[in-house]
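Student: Sequence unavailable; structure follows:
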């Protein structure tokens, strides 16, 4: 869809929706992230205070995202209970938290977890612990209520909904031929080089580094993949997982998206299609609040060992241990924690700011990792939407040719078939492929909530003209540094940075009494990468 065509459709949709003016204005605002707190830490305003109190603990975990929560779990499993986890926001979970809008749970960020493969054994163990994975009659089965219900995904393309996200409606034989060729190429690469999740389980080979050195778009050009529909789909996939499109991520990252999981299956392939969402081929686990359900389970056993509203301002190795200073938002004072070791589960750009005399491995990572700004908007609807012709309403619903990534329906997993109101979670990356990342962050900071409201209503009104008349509230969550972008060369810079030779803790990044754990060390942000790195860091500290 051309931009002019989309804007025309959006204007027409809003005009049609205007015939049914909402009985009350749409309410809403910004939620989920305390930007002032984060920026005060960034600008050094919190460092000037002297510590009001000094406390002791055995281990400090700085950062309560997925990696920090995984590290805390690993310490507990190892019998170490004397630790403290410090988290900047009012709830733990990082970009995998959940929220509630008008009584309906919804995600504030990451909203699903693919069924993990055997390389992600740490994640498999977690799912067994939570009762989501069990062996039945010799086979592993996943909780049916948690596996994404069918239909899983659909695409609004050329005026109607179609099953799956790969454009199919009315495409020519040339597009279909390129789909088949791409499937064959991915299959060959899967057999020639080992792609795995988590990435730290495999060696960084010269073949992978060659793919890492060029953009995905450049690789597609060299391979003759010029079809517009294929490239739109691949660009969508990269924006969805990495926050940046095919012109900005490496060929390694673009290929890894498929080769590390289920491959790419062209329409008509007897082994399955990319539009086939059967659990056997491409199962995913999801909850109304997205991965917030998982982070809530990880945080629940921590009790008062989890301290929220804590802005870490300084991490320093001292003669007999470490010192961690944190500004407490509740008491408006600085607390100094003295410990034997610290697990730094912070994004590398923050870690490099707060670690005194940062080690070379951290400075190098911070110099090369770039981040995608991101926005999640949760819109409450007081009743069900009328639907267009084509595929049935699905969990994931994408609109072709737009800047947004579509929406997921918080009630899709409900076993109650009664039509009623729901919350739709709309995702919008603001990094490369739309904005310069710095411009995207400035837009997030400066633009009023109403601007994002208008963007959302215009985009979603294309397939749903009645949506503005049903909307009652829109809550917007902003992430200035939502995820690291696997740009060309990043794998070469950080992919092999393992400062421990202990095979049991392979992938750990360690400097003195500091252990670093975050998805940034993998170069891109998914649950499996963050959890595994946090788990390994926790186990290594426990062993030490």
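Tutor: Structure's in. What do you need? Computed from a predicted structure; not experimentally measured.
Student: mind listing the strands for the stretch 151-300 of the chain?
Tutor: Assigned by DSSP state E, counting those that start in this stretch, the stretch 151-300 of the chain shows strands spanning 153-157, 160-163, 284-285.
Student: What helices and strands are in contact with the first one?
Tutor: Meaning strand 153-157. strand 160-163, strand 396-399 (3 or more C-beta pairs under 8 Å, 6 or more residues apart in numbering; DSSP states H and E). Placement of C-beta: from N, CA and C, glycine included.
Student: winner for burial among those?
Tutor: Burial of those is given as mean neighbour count (mean count of other C-beta atoms under 10 Å); strand 396-399 ranks first at a mean of 24.
Student: Which residues does that one contact?
Tutor: Contacts to strand 396-399, defined as C-beta atoms under 8 Å, 6 or more residues apart in numbering, come from residues 152-156, 161, 165, 236, 405-409, 459-460, 462-463.
Student: State the mean pLDDT of that strand.
Tutor: Average pLDDT, strand 396-399: 97.
Student: Quick one: name whatever helix or strand follows that strand.
Tutor: Going down the chain from strand 396-399, the next helix or strand is strand 407-409, by DSSP states H and E.
Student: for that following strand, packing partners?
Tutor: Checking 3+ C-beta pairs under 8 Å, 6+ apart, strand 407-409 ends up next to strand 396-399, strand 422-429.
Student: Out of those, the one nearest residue 367 is which?
Tutor: Among the helices and strands packed on strand 407-409, the nearest to residue 367 by C-beta to C-beta is strand 422-429 (23.1 Å).
Student: so how far is the very next helix or strand once past that closest one from its chain's centroid?
Tutor: Going down the chain from strand 422-429, the next helix or strand is helix 437-446, by DSSP H and E. Between the centre of helix 437-446 and the centre of its host chain there is 19 Å, according to C-alpha atoms, centre = their mean, to the nearest Å.
Student: Pull out the buried residues from helix 437-446.
Tutor: By 16 or more other C-beta atoms under 10 Å, the buried positions in helix 437-446 come out as 437, 440-441, 443-444.
Student: Now it: average pLDDT?
Tutor: Computed over helix 437-446, the mean pLDDT rounds to 87.
Student: next SSE after it?
Tutor: helix 449-460.
Student: Just the residues contacting that next one, thanks.
Tutor: Residues outside helix 449-460 that contact it (C-beta under 8 Å, 6+ apart): 10-11, 13-14, 17, 26, 28-30, 375, 377, 379, 399, 402-404, 407, 424, 426, 428, 467-468, 471, 474, 476.
Student: Would you mark the buried spots in that helix?
Tutor: 449, 452-453, 455-460.
Student: Redo the helices and strands packed on strand 407-409 as a markdown table? Include distance to residue 367.
Tutor: Putting the helices and strands packed on strand 407-409 into a markdown table (distance: least, C-beta to C-beta, whole Å) gives the following:
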| stretch | distance to residue 367 |
| --- | --- |
| strand 396-399 | 35 |
| strand 422-429 | 23 |
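Student: Of all the strands of the stretch 151-300 of the chain, which one is nearest residue 200?
Tutor: Closest approach to residue 200 among those (C-beta to C-beta): strand 284-285, 22.1 Å.
Student: What are the contacting residues of the closest one?
Tutor: For strand 284-285, the surrounding residues in contact (C-beta under 8 Å, 6+ apart) are 112-115, 127, 132, 142-143, 146-148, 152.
Student: just stretch 378-390 next, same as before
Tutor: 99, 101-102, 104, 106-108, 154, 156, 159-162, 169, 393, 407, 410, 419-426, 456, 460, 463-467, 470-477.
Student: So how do I select the buried members of those residues in ChimeraX?
Tutor: Buried members of these, defined by 16+ other C-beta under 10 Å, are picked up in ChimeraX with:
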select :99,101,102,104,106,107,108,154,156,161,162,169,407,410,422,423,424,425,426,456,460,463,464,465,466,467,470,471,472,473,474,475,476,477
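Student: in the biggest helix by length in the chain, what's buried?
Tutor: Longest helix in the chain, counting residues (DSSP state H): helix 173-192. If you call a residue buried by 16+ other C-beta under 10 Å, then helix 173-192 has these buried ones: 175-176, 178-183, 185-187, 189-190.
Student: one step back: how about the helices and strands packed on strand 153-157, which one is nearest residue 220?
Tutor: When the helices and strands packed on strand 153-157 are compared by C-beta to C-beta, strand 396-399 sits nearest residue 220, at 20.5 Å.
Student: closest one to residue 137 among the strands of the stretch 151-300 of the chain?
Tutor: The nearest among those, by C-beta to C-beta, is strand 284-285 at 21.2 Å.
Student: Give me the distance between the closest one and the centre of its chain.
Tutor: Put simply, strand 284-285 sits 14 Å off its chain's centre (C-alpha atoms, centre = their mean).
Student: got it, and stretch 31-40?
Tutor: 19 Å.
Student: Equivalent analysis for stretch 79-87, please.
Tutor: Mean-position distance between stretch 79-87 and its chain equals 25 Å (C-alpha atoms, centre = their mean).
Student: Give the burial count for residue 136, as a bare number.
Tutor: Residues lying near residue 136 (other C-beta atoms under 10 Å) number 7.
Student: Quick check, pLDDT for it.
Tutor: If you check residue 136, the pLDDT there is 89.
Student: ok, now residue 508?
Tutor: Value for residue 508, per-residue pLDDT: 74.
Student: about what we covered before: identify the farthest-apart pair in the contacts of strand 284-285.
Tutor: Maximum pairwise distance among the contacts of strand 284-285 (C-beta to C-beta): 19.2 Å, between 127 and 152.
Student: Looking at these two, which one has more neighbours?
Tutor: For residue 127 versus residue 152, the count of surrounding residues by other C-beta under 10 Å is larger for residue 152: 24 against 21.
Student: is it true that the more buried one touches residue 394?
Tutor: Yes. Judged on C-beta atoms under 8 Å, residue 152 makes contact with residue 394 at a distance of 6.0 Å.
Student: Can you tell me which helix or strand of this structure has the lowest average pLDDT?
Tutor: Ranked by mean pLDDT, DSSP states H and E, the helix or strand of the chain with the weakest confidence is helix 3-17, at a mean of 42.
Student: Do me a favour and average the pLDDT over the helix or strand following that helix.
Tutor: Under the assignment DSSP H and E, the closest C-terminal helix or strand after helix 3-17 is strand 27-30. If you average the pLDDT over strand 27-30, you get 94.
Student: Check which residues of strand 27-30 are buried.
Tutor: Quick answer for strand 27-30 (16+ other C-beta under 10 Å): residue 28.
Student: how distant is the very next helix or strand once past that strand from the center of its chain?
Tutor: Counting by DSSP H and E, the element after strand 27-30 in chain order, helix or strand, is helix 35-42. Distance, stretch centre to chain centre, for helix 35-42: 22 Å (C-alpha atoms, centre = their mean).
Student: just checking, what packs against helix 35-42?
Tutor: Going by 3+ C-beta pairs under 8 Å, 6+ apart, helix 35-42 lies up against strand 310-318, helix 348-354, strand 471-484.
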